[in-house]
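>>> Give the three-dimensional model of this entry:
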Amino acid sequence: MPAASFRPTCPAHACHGHSVSRRAFVALSSSSLAAWGMGGWWSRGAFADDPPLPETGEPPRLPAKECRPRVKACFVRRAGEYGMRWPGQIYDGEAARKKYTQQMQQSAKELGIELDLREEPVYSLEDGKAWAARAKEAEADGLVAVLLDRQQHAWPTAYAAVDSGLPTVIFSPLGSSFTTNTEALADRPGCFVSCTDDFSQTAFGMKMLKARAQMRVTRCLVLAGNKRLDRVMPDVGIQLRYAPAGDFLAEYRKTPVDDKVQAMADELIAGARRQTKATRDDVINGIKSYVVAQRLMRREQADAITMDCLGALGKTHVSLPCIAWSKMNDDGIPAACEADLGAVAGHIMVQYLFDRPGFQQDPVPETVHDAIIGAHCSCPTKLSGFDAPAEPYDILPHHGDRDATRRTLWKEGQRVTSLDVLPGGPAEPTRMLIAVGTVLENKSAPPAGGCVVSVMVKFDGDQNVLSFPGFHQLFFYGDYGKQLTAFSRLIGAQPVHA
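Below is the predicted model of the structure:
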């Protein structure tokens, strides 16, 4: 569609924003929640203190940041006493309802979700079907069904919620399910089932609902080719705003090196362990690319950015955006290399779900240690989380022996997750390639060849490293394979485990 007709696909009441394989597409907060990745990335952004846009006189908008999803929730149980049938008369359903109401409301408040919790429990299957149908008609962004019963209409109501087609989180506290109840939902797309007394898993389910809604209004500026147009990434719904790659070069050439740029460069240098070969001017040029990228994003009111960097800048003397992308991902702004749309989706998912940046890399097999070396020249430093201390880094030229970049040092022994998103099309679903492993060491380049950030990871399982699936996967801190698998199914993608 032409740029002028760009419009959001997410329901207007929830999130306000203004088909092919991936490779072909590219060519075109509380401690109890920590284990499941809770937090609030949306408090960050490049434009928080920006002046109004000169074109409209209004402040720039970030569609994903402004997203406030509507989630419908209900409790399900019999109207009478529990008696002998599970969860049994020993179970205090009213106390459980009060406790989980408070936890659900608190999670919604922390996440910025508009929670519509049904006032009284669902007491019949007819009631449950009507509740799900009304939520569908209202274009809710998701459902949460809390089962305080195992009998009669409880699980049929849960199935009716999933059948509505809305992404559904089902919370079944202990005593409200057997495996015979959950078996048919174990691998079903569009739902997430949590069977435990620990609410943190359901809280993360709510966060997944928010992330899905945010993705569907996220606007990514794609600097590639020479035309302006808007597209939507299949399945995940990310809005892609294409602009000529030459726009970056034109903006770079007219951007001055002012006091702010120099101060940012000096701060980056001061934070490094050491600086080798790369000069202060090299760092300044990298920071200038950061400023230019932010300016272009502000103009397009975009939440994320990617660029055909080698095609646009490889033959010029303009700094490649290695430092810029590294710093933007540290700031909670998804920035992907080489106009790779799968990497765009990966950055967005990791930041929205786990409140930390990922490292987009080229996978290199290492056969002595049976490991994969993730090699690239644009690595963030806030690997433990946006609010956590940064990892140490050095400043040096990238593998082209030009410009400047940061070599981030990964913690040896750190558990990490790998994610590669392969966007789907008319004949195939989006696939998410997921692996979990442990950092062995940081390789040095030089003396080795390749990219200056080269982190060696030994992945779990027996996948042959010579045929490790995917390319430009994101490595990021933490063991989040189960969470990514759950999110993949919730959004209707296909999880694939290496």
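
>>> for the stretch 101-250 of the chain, what spans make up the helices?
125-137, 154-163, 179-182, 200-215, 246-254 (DSSP state H, counting those that start in this stretch).

>>> got the buried residues for the second one?
Right, the one you point to is helix 154-163. Buried positions in helix 154-163, judged by neighbour count with 16 or more other Cβ atoms under 10 Å: 154-155, 157-162. All C-beta spots, glycine's among them, are computed from the backbone N, C-alpha and C.

>>> about what we covered before: please work out which of the helices of the stretch 101-250 of the chain is packed deepest.
helix 200-215 (a mean of 26; mean count of other Cβ atoms under 10 Å).

>>> show me where pLDDT drops low in the protein?
Along the chain, the model assigns pLDDT under 70 to residues 1-60, 314.

>>> remind me, longest strand of it?
strand 431-443 (DSSP state E).

>>> what residues are up against Lys277?
For Lys277, the contact set (Cβ atoms under 8 Å, 6 or more residues apart in numbering) comprises 396-397.

>>> Over to it. Which of the three states is it?
Here Lys277 takes the coil state, with states given by DSSP: H, G, I helix; E, B strand; the rest coil.

>>> Using PDB, write out every CA atom in the longest strand of the chain.
Only the C-alpha atoms of strand 431-443 are listed here, as PDB (Å, rounded to 0.1, in the frame of the first residue of the first chain):
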ATOM      1  CA  ARG A 431       8.700 -20.600  12.400                       C
ATOM      2  CA  MET A 432      10.700 -19.800  15.500                       C
ATOM      3  CA  LEU A 433      14.000 -21.700  15.800                       C
ATOM      4  CA  ILE A 434      14.800 -22.000  19.500                       C
ATOM      5  CA  ALA A 435      17.900 -23.300  21.300                       C
ATOM      6  CA  VAL A 436      19.400 -22.900  24.800                       C
ATOM      7  CA  GLY A 437      23.000 -23.300  25.700                       C
ATOM      8  CA  THR A 438      25.900 -22.000  27.800                       C
ATOM      9  CA  VAL A 439      28.700 -19.500  27.000                       C
ATOM     10  CA  LEU A 440      32.100 -21.100  26.800                       C
ATOM     11  CA  GLU A 441      34.400 -18.200  25.900                       C
ATOM     12  CA  ASN A 442      34.900 -15.000  24.000                       C
ATOM     13  CA  LYS A 443      37.100 -15.500  20.900                       C
END
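
>>> hey, where'd the strands end up in the stretch 251-400 of the chain?
304-307, 335-336, 359-360, 362-366, 371-376, 393-396 (DSSP state E, counting those that start in this stretch).

>>> Could you dump those into a markdown table and include mean neighbour count and distance to Met432?
Below are these laid out as a markdown table (neighbours: other Cβ atoms under 10 Å; distance: least, Cβ to Cβ, whole Å):
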| stretch | mean neighbour count | distance to Met432 |
| --- | --- | --- |
| strand 304-307 | 27 | 18 |
| strand 335-336 | 29 | 16 |
| strand 359-360 | 28 | 15 |
| strand 362-366 | 17 | 16 |
| strand 371-376 | 25 | 17 |
| strand 393-396 | 21 | 29 |
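
>>> With distance to Ala278 as added columns, please give these in CSV.
As requested, these are exported to CSV (distance: least, Cβ to Cβ, whole Å):
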stretch, distance to Ala278
strand 304-307, 21
strand 335-336, 20
strand 359-360, 20
strand 362-366, 21
strand 371-376, 17
strand 393-396, 5
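
>>> Figure out which of these is closest to Ser200.
Nearest of the strands of the stretch 251-400 of the chain to Ser200, taken as Cβ to Cβ: strand 359-360 at 26.5 Å.

>>> Can you tell me the strand partners of that closest one and which way each runs?
strand 474-477 (antiparallel) (DSSP bridges).

>>> Residues contacting the very next helix or strand once past the strand it pairs with, please?
Using DSSP states H and E, the helix or strand that follows strand 474-477 towards the C-terminus is helix 481-490. Applying Cβ under 8 Å, 6+ apart, the contact partners of helix 481-490 are 36-37, 167, 169, 187-192, 204-205, 208-209, 211-212, 349, 353-354, 417, 419, 432, 434-436, 494-495, 497.

>>> Pick out the residue nearest the middle of this protein.
Among the residues of the chain, Met349 comes closest to the average C-alpha position under Cα atoms, centre = their mean, at 1.5 Å.

>>> circling back: in PyMOL, select just the buried ones from the contacts of helix 481-490.
This is the PyMOL syntax for the buried subset of those, where burial follows 16+ other Cβ under 10 Å:
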select buried, resi 36+37+167+169+190+191+192+204+205+208+209+211+212+349+353+354+417+419+432+434+435+436+494+495
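
>>> any idea which helix is longest in the protein?
Secondary structure of the chain per DSSP state H: the longest helix is helix 280-300.

>>> so what does it touch, helix or strand wise?
Applying 3 or more Cβ pairs under 8 Å, 6 or more residues apart in numbering; DSSP states H and E, one finds that helix 280-300 makes contact with strand 219-223, strand 239-243, helix 246-254, helix 259-270, strand 304-307, helix 322-330.

>>> Report the buried residues of it.
Using 16+ other Cβ under 10 Å as the test for burial, helix 280-300 gives 282-300.

>>> Convert that helix to PDB, retaining C-alpha atoms only.
Presented in PDB, the C-alpha positions along helix 280-300 are these (Å, rounded to 0.1, in the frame of the first residue of the first chain):
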ATOM      1  CA  ARG A 280      37.900   9.300  18.700                       C
ATOM      2  CA  ASP A 281      36.700  10.600  15.300                       C
ATOM      3  CA  ASP A 282      35.700   7.000  14.400                       C
ATOM      4  CA  VAL A 283      33.600   6.900  17.600                       C
ATOM      5  CA  ILE A 284      32.100  10.300  16.900                       C
ATOM      6  CA  ASN A 285      31.100   9.100  13.400                       C
ATOM      7  CA  GLY A 286      29.400   6.100  14.900                       C
ATOM      8  CA  ILE A 287      27.500   8.200  17.400                       C
ATOM      9  CA  LYS A 288      26.500  10.500  14.500                       C
ATOM     10  CA  SER A 289      24.900   7.400  12.900                       C
ATOM     11  CA  TYR A 290      23.000   6.900  16.100                       C
ATOM     12  CA  VAL A 291      21.700  10.500  16.000                       C
ATOM     13  CA  VAL A 292      20.800  10.100  12.300                       C
ATOM     14  CA  ALA A 293      18.900   6.900  12.900                       C
ATOM     15  CA  GLN A 294      16.900   8.400  15.700                       C
ATOM     16  CA  ARG A 295      16.100  11.400  13.600                       C
ATOM     17  CA  LEU A 296      14.800   9.300  10.800                       C
ATOM     18  CA  MET A 297      12.800   7.100  13.200                       C
ATOM     19  CA  ARG A 298      11.300  10.200  14.800                       C
ATOM     20  CA  ARG A 299      10.300  11.500  11.400                       C
ATOM     21  CA  GLU A 300       8.600   8.200  10.500                       C
END
